[in-house]
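Visitor: sequence? don't have it. structure:
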């Protein structure tokens, strides 16, 4: 199975200050976000990547990204919404810019999350890292049960939860942390493959223009 992970498109205009949105803010895509979603679909189409399933979290930025990607592919598949793909709940960080987080909760917590994906000591985030990892793992296990090895699956979610798919491949999460390459940018792609009862990391944080399908077909 070829698992294509996509981060949703932009929800802020270039001139707007970005802030932590998480699951508490259900923002729509801005015009550039729609362009990013369309670029995802065109990249998959150019690679002749025929999808067997499309899954998103419940937020409109995720669902809209998948919808515009499918429209660009002229693909009739129905999107399946799975609550396990929801973004993190950033608690007291929600609605704050990075500068405001630093001011209210300190540089140490902010840097630990941004650079090493370490859960902050303050901020009252709603879940633990273990809980988020567990829901990504359970979702992936269900994909394996429901789909064939030859299937291409598109998953659209957010940066906070997508990184925990790396935990499926031993050592990959830690390696990306060490390299400072843990994040997936808006409208960017990651790719994992499941074959012979194990997951392999193929690519991470790719622009759609650089995407190369590892389809088993």
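Guide: Noted; the coordinates are in hand. Computed from a prediction, not measured in an experiment: that's the story for all the values here.
Visitor: report the mean per-residue pLDDT for the longest strand along the chain.
Guide: What stands out as the longest strand in the chain, according to DSSP state E, is strand 198-206. Across strand 198-206, the average pLDDT comes to 97.
Visitor: and that strand, what's buried?
Guide: 199, 201, 202, 204, 205, 206 (16 or more other C-beta atoms under 10 Å). Just so you know, the C-beta spots here come from the backbone N, C-alpha and C atoms, and that holds for glycine as well.
Visitor: repeat that for stretch 137-155.
Guide: Quick answer for stretch 137-155 (16+ other C-beta under 10 Å): 139, 140, 143, 147, 151, 152, 153, 154, 155.
Visitor: ok, the residues you listed vs residue 92, which is closest?
Guide: residue 139 (27.0 Å; C-beta to C-beta).
Visitor: what does whichever strand or helix holds that closest one rub up against?
Guide: Using DSSP states H and E, residue 139 sits within helix 129-146. Outside of helix 129-146, the residues within contact range by C-beta atoms under 8 Å, 6 or more residues apart in numbering are 1, 3, 53, 55, 82, 84-85, 88, 117, 119, 153, 160-161, 164-165, 167-168, 194, 199.
Visitor: take the residues you listed and keep only those in strands.
Guide: 3, 53, 55, 153, 194, 199.
Visitor: who touches the longest strand of the chain?
Guide: 2, 140, 166, 168-169, 172, 176, 181, 183-185, 188-194, 211-212, 214.
Visitor: make a ChimeraX selection of the buried ones in the contacts of helix 129-146.
Guide: Buried subset of these, written as a ChimeraX selection, criterion 16+ other C-beta under 10 Å:
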select :1,3,53,55,82,84,85,88,117,153,160,161,164,165,167,168,194,199
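Visitor: so residue 38 touches residue 66, yeah?
Guide: No: in this structure, residue 38 is not within contact of residue 66 by C-beta atoms under 8 Å, at 11.6 Å.
Visitor: in terms of neighbours, single out the busier of those two.
Guide: residue 66 (26 against 19; other C-beta atoms under 10 Å).
Visitor: residue contacts, that one?
Guide: Residue 66 neighbours (C-beta under 8 Å, 6+ apart): 6, 37, 54, 56, 79, 154, 156.
Visitor: mind running it again at 7 Å?
Guide: 54, 56, 79, 154, 156 (C-beta atoms under 7 Å, 6 or more residues apart in numbering).
Visitor: can you tell me the SS state at it?
Guide: Counting by DSSP: H, G, I helix; E, B strand; the rest coil, the backbone at residue 66 sits in helix.
Visitor: then residue 121?
Guide: Applying three-state DSSP: residue 121 is coil.
Visitor: spatially nearest residue to it (excluding sequence neighbours)?
Guide: residue 109 (5.9 Å; C-beta to C-beta, 6 or more residues apart in numbering).
Visitor: swap in residue 36?
Guide: residue 187 (2.9 Å).
Visitor: pretty sure the one you found contacts residue 39?
Guide: Yes: between residue 187 and residue 39 there is a contact at 6.5 Å, judged by C-beta atoms under 7 Å.
Visitor: give me the common contacts of those two.
Guide: Common neighbours of residue 187 and residue 39 (C-beta under 7 Å, 6+ apart) are residue 208.
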